[in-house]
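Novice: Following is a predicted model, sequence given first.
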Amino acid sequence: MSKVWLMPPWGLGEPMEVDATPEILTPRLVAGWSQCEPPANTQEVTTHVND
Amino acid sequence: MSTTRLQEVQICFGSGKQTDIATANLVAAMWRLKKLNAQLANPKLNTENDAEEYGKGHEFATTTFKTSWDTGGTLEKYLSAEMAAWAMCFGLGKVVKSGTTPNWVYTCTPLIPANGDATELPYFSFVEQIRPGASSVIDRLLTGCAVEGWTISIGSGPGRANSKISVEFQGCGKLTEPSAITMPAATVEKLLPSASLTLTINGVDYVTNKNIVSLETSWKNNIRMDAGFYPGSGFQTSGDATTGAIRGRLEFGNRAGALKFVARFDHSSTELTLLKAQTTGTAVIHLQFDTNNSLDITWQKVAFATAEVGETDQIVTVAVEATPIYDATNGIITAVAKCNVDAICQ
C-alpha cells in the first residue's frame, strides 16, 4: 500500500501519513489537507542493544 | 514558392507546473504530444487609439496603443492515460502523487479556497512550432497558461475517435518569439479506448447491462480573465509600458461539472423513476489501457436533471443529463489517473 504525507488545512498542525487510496485521500483533500514532503524527523530509529 | 502544411506543426507543453505564472517551464518539464485539431494558439494583441480624445482638431485616430494580450487555445486528442492525468491534475488543481514507476498515481480534486486552497490553478507553458530555426514559420512560447476546462467524450464503435478529450486553456498573455525551446522527443501515449469502459451511475451498471450508447463528462473552471489585469499585473516586456499589459493571475470563477449519457431504454430502465424521485448516487467512470494506465472519475453525488426517451439508430434510448452535487464529505469530483509518467503537475 502506497502512503503519502499530507499537511493540514492552512498549514496549521502536524503532517500526517495516510494510505494513498481515493477513499482515504478524498475527504481530506476536500477538507483542505494537501500533499507535503515527509517531515525531517521521520527517519527510522535503530536501537543497538549493546549500547 | 514554398507552402507549409499544417501537419508540420509540433506542440509541447509543461507536464510539470511552472513555479509561478511568469516563469516558463524548462524543457525538461515539458512533453511533446500529438493533437487532432488544426486550431493554432494564436496570440491576440488588443489595441486602442486616440480617436475620441480632444485637442487634435479632428475626430480621427492619430496614434494607436498596445493595450493587452490574450493567449490560449484548445487541444483535442484521443484520450490517453497520459493526457487524462495531465488534464485532471491541471484542470482540477489539487493533486496527490503516489506510487512508483511505472505506476504513478495522481489523485485529483478541485481546489477549495474556503478550506485554505489557492484560487489559482497550476500554470504551464505551451510551445507551438512550425520549422523552428532560421526559416521559422511559427515558433512561440506561451507562458502562464491554465486549464479552462476539459470534456471527455465516449462513444460506441471500435475506432480511437470513440474516446476523446478536449482541453481548453487560457494564457496570461506572455508571449516569447522565438521560443528558444528545442522540441523534446514525442511521448508515446497509451490510449484509453471506449471498449474498456466500466460505468455505474446512480446504482445502475450500464456496461454489465450492455445499455450504454454514449457518454460525455466535463469540467469548466470559468477563469476570471478580466480579473487577471490589476494594478501592477505587468507588461509583455517587463518594465516597458508600451508593450501591452498581461495578466498577473488566472483565478477560477464559478466552476461547473457536467455528466450526460445516452442509454438503451426498456421496461426495466430506471432513469425516469430516478428523475422523478430525484434519487442521488455516485457516478463512477473507469477507462483503462492496463493496470498501470487508467482513469477513474467519480462524481460524488449526482441527481438526474433531465431524462428524455428518444431513439438512436432505431433503438429506443434515453438521454440523461445529470447534475453533479457537492457532497459534504467527498466534495464534487475525484479523479484518479494512473500512468507511467512521473512528476505531472509537480
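Specialist: Good, I have the coordinates. Predicted, not measured: the structure shown is a model, and the values here were computed from it. Residues are numbered from 1 along each chain as shown, chains lettered A, B, ... in the order given.

Novice: contacts, neighbours, all on C-alpha from now
Specialist: Fine.

Novice: In a strand, B:Glu321, correct?
Specialist: Yes. Assessed with DSSP: H, G, I helix; E, B strand; the rest coil, B:Glu321 lies in a strand.

Novice: Just confirm it contacts B:Glu308, I think it does.
Specialist: No. Contact criterion C-alpha atoms under 8 Å: B:Glu321 and B:Glu308 do not qualify, at 9.0 Å.

Novice: which of these two has more neighbours?
Specialist: Between B:Glu321 and B:Glu308, counted using other C-alpha atoms under 10 Å in any protein chain shown, B:Glu321 has the larger neighbour count: 21 against 13.

Novice: now that one, which residues is it bridged with?
Specialist: B:Lys260, B:Thr306 (DSSP bridges).

Novice: same thing with B:Lys338?
Specialist: Applying DSSP bridges, one finds that B:Lys338 bridges with B:Val105, B:Ser294.

Novice: How about the contacts made by it?
Specialist: B:81-82, B:85, B:103-106, B:292-295 (C-alpha atoms under 8 Å, 6 or more residues apart in numbering or on different chains).

Novice: where in the chain is pLDDT low?
Specialist: Just going to use chain A. Chain A contains residues with pLDDT under 70 at A:1, A:42-51.

Novice: sorry, should have said chain B
Specialist: In chain B (pLDDT under 70), the answer is B:1.

Novice: rerun that using 50 as the cut-off
Specialist: By pLDDT under 50, chain B contains no weakly predicted segment.

Novice: Which positions in the stretch 51-200 of chain B make contact with chain A?
Specialist: B:94-99, B:107, B:109-112, B:115-117 (C-alpha under 8 Å from any C-alpha of the partner chain).

Novice: Now, of those, which are buried?
Specialist: In terms of neighbour count (16 or more other C-alpha atoms under 10 Å in any protein chain shown), the buried residues within those are B:94-99, B:107, B:109-112, B:116-117.

Novice: hang on, isn't B:Gly155 packed against B:Asn162?
Specialist: Yes. B:Gly155 is within contact range of B:Asn162, at 4.5 Å (criterion: C-alpha under 8 Å).

Novice: Now do the shared contacts for these two.
Specialist: Shared contacts of B:Gly155 and B:Asn162, counting by C-alpha under 8 Å, 6+ apart, come down to B:Ser194.

Novice: quick one: the helices in the chain?
Specialist: Chain wasn't specified; assuming chain A. For chain A, applying DSSP state H gives helices covering A:22-30.

Novice: Oops, wrong one, chain B.
Specialist: B:81-92, B:271-277.

Novice: Find the closest residue to chain A in the stretch 201-346 of chain B.
Specialist: For the stretch 201-346 of chain B and chain A, the shortest gap (C-alpha to the nearest C-alpha) falls at B:Asn330, measuring 4.8 Å.

Novice: And for that residue, nearest residue in space, chain neighbours not counted?
Specialist: A:Pro27 (4.8 Å; C-alpha to C-alpha, 6 or more residues apart in numbering or on different chains).

Novice: cool, B:Tyr78 as well?
Specialist: Closest residue to B:Tyr78 in three dimensions, ignoring its sequence neighbours and counting by C-alpha to C-alpha, 6+ apart: B:Lys164, at 4.3 Å.

Novice: which residues does the one you found contact?
Specialist: Neighbours of B:Lys164 in contact, by C-alpha under 8 Å, 6+ apart: B:76-79, B:152-154.

Novice: same thing but at 6 Å, please
Specialist: Neighbouring residues of B:Lys164 by C-alpha atoms under 6 Å, 6 or more residues apart in numbering or on different chains: B:77-79, B:152-153.

Novice: can you pull out the strands in chain A?
Specialist: A:3-7, A:16-19, A:34-35 (DSSP state E).

Novice: and the second one, what does it pack onto?
Specialist: Spelled out, that is strand A:16-19. Packing partners of strand A:16-19 (3 or more C-alpha pairs under 6 Å, 6 or more residues apart in numbering or on different chains; DSSP states H and E): strand A:3-7.

Novice: got a list of contacts for the strand it packs on?
Specialist: Contacts for strand A:3-7 (C-alpha under 6 Å, 6+ apart): A:15-20, A:33-36, A:38.

Novice: Can I get the buried ones among those as something I can paste into ChimeraX?
Specialist: In ChimeraX syntax, the buried subset of the contacts of strand A:3-7 is picked out as below (16+ other C-alpha under 10 Å):
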select /A:15,20,33,34,35,36
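
Novice: I'd like to know how far the residue in chain B sticking out farthest from the centre sits from A:Pro39.
Specialist: Most distant from the centre of chain B: B:Gly57, at 50.3 Å, with distances by C-alpha atoms, centre = their mean. B:Gly57 sits at a distance of 71 Å from A:Pro39 (criterion: C-alpha to C-alpha, to the nearest Å).

Novice: What of B:Pro193?
Specialist: Taking C-alpha to C-alpha, one finds B:Pro193 at 41 Å from A:Pro39.

Novice: ditto for A:Arg28
Specialist: For A:Arg28 relative to A:Pro39 (C-alpha to C-alpha), the value is 18 Å.

Novice: More neighbours: these two, which one.
Specialist: The neighbour count for A:Arg28 versus A:Pro39, taken as other C-alpha under 10 Å, is higher for A:Arg28 (19 against 13).

Novice: who touches stretch B:228-238?
Specialist: By C-alpha under 6 Å, 6+ apart, stretch B:228-238 touches B:174, B:243-250.

Novice: Output these in JSON lines; the columns should cover distance to B:Ser135 and neighbour count.
Specialist: Output for the contacts of stretch B:228-238, formatted as JSON lines (distance: C-alpha to C-alpha, whole Å; neighbours: other C-alpha atoms under 10 Å in any protein chain shown):
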{"residue": "B:Lys174", "distance to B:Ser135": "23", "neighbour count": "29"}
{"residue": "B:Thr243", "distance to B:Ser135": "26", "neighbour count": "18"}
{"residue": "B:Gly244", "distance to B:Ser135": "27", "neighbour count": "21"}
{"residue": "B:Ala245", "distance to B:Ser135": "29", "neighbour count": "28"}
{"residue": "B:Ile246", "distance to B:Ser135": "29", "neighbour count": "27"}
{"residue": "B:Arg247", "distance to B:Ser135": "31", "neighbour count": "26"}
{"residue": "B:Gly248", "distance to B:Ser135": "33", "neighbour count": "22"}
{"residue": "B:Arg249", "distance to B:Ser135": "34", "neighbour count": "27"}
{"residue": "B:Leu250", "distance to B:Ser135": "34", "neighbour count": "27"}
